[in-house]
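Colleague: Test case, fold it:
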Amino acid sequence: MRILVVEDNSIIASLITSHIDELPGKVEYDIATTAVEAIEIIHSDHPDIVTLDIHLAKGTGYEVLAAISKLENPPRVIMLSNLDSEEVSGRCILLGAERYFDKASQFEMFFSVLSDWVIAAQRTSEDFECRAGNVAY
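Modeller: Numbering: from 1, shown residues only. A predicted model of the protein is given here:
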């Protein structure tokens, strides 16, 4: 399981990665602070999940969403931003994000959904390995 954290605020990125470190199983992550860096990592490392802010050090989360939308097997995207408006969240959803959360008031919900996604993906992976006969005893 790979997660890409796209966040230019080092404190917020640290909060997210600390939460990822507490998740069960093997979860690896990368951090990107710009749209270009995020897109490069998405193409090279193929993360399963992307956590994405809108305002980045250079570029925007919208640019990242547009690049993700062109992929054959895109990662799941969960937005976390200070821009709390229906227009902004609606645009993100239209561009392919599955969920959108406000940094100021919805951190716990963001972490809950991220945890649920990781655990569900791990269960799916374990089920696949069992059906494929790849379980070690």
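Colleague: Name the SS class of the most centrally placed residue in the chain, please.
Modeller: Nearest to the mean C-alpha position of the chain, by C-alpha atoms, centre = their mean, lies V50 at 2.1 Å. Following DSSP: H, G, I helix; E, B strand; the rest coil, we place V50 in the strand state.
Colleague: switch to numbering from 52
Modeller: In the new numbering, first residue 52, that becomes V101.
Colleague: my guess is it contacts R53, does it?
Modeller: No - assessed by C-beta atoms under 8 Å, V101 is found out of contact with R53, at 9.6 Å. (C-beta placed from N, C-alpha, C; glycine too.)
Colleague: in whichever helix in the chain runs longest, what counts as buried?
Modeller: Longest helix of the chain, by residue count under DSSP state H: helix 158-182. Under the neighbour-count criterion of 16 or more other C-beta atoms under 10 Å, helix 158-182 has 158, 161-162, 164-165, 168-169, 172-173 buried.
Colleague: what do you get for stretch 71-86?
Modeller: Neighbour-count burial for stretch 71-86 flags 71, 74, 78, 80-86 (criterion: 16+ other C-beta under 10 Å).
Colleague: again with stretch 89-97
Modeller: Across stretch 89-97, burial judged by 16+ other C-beta under 10 Å covers 89-90, 92-93.
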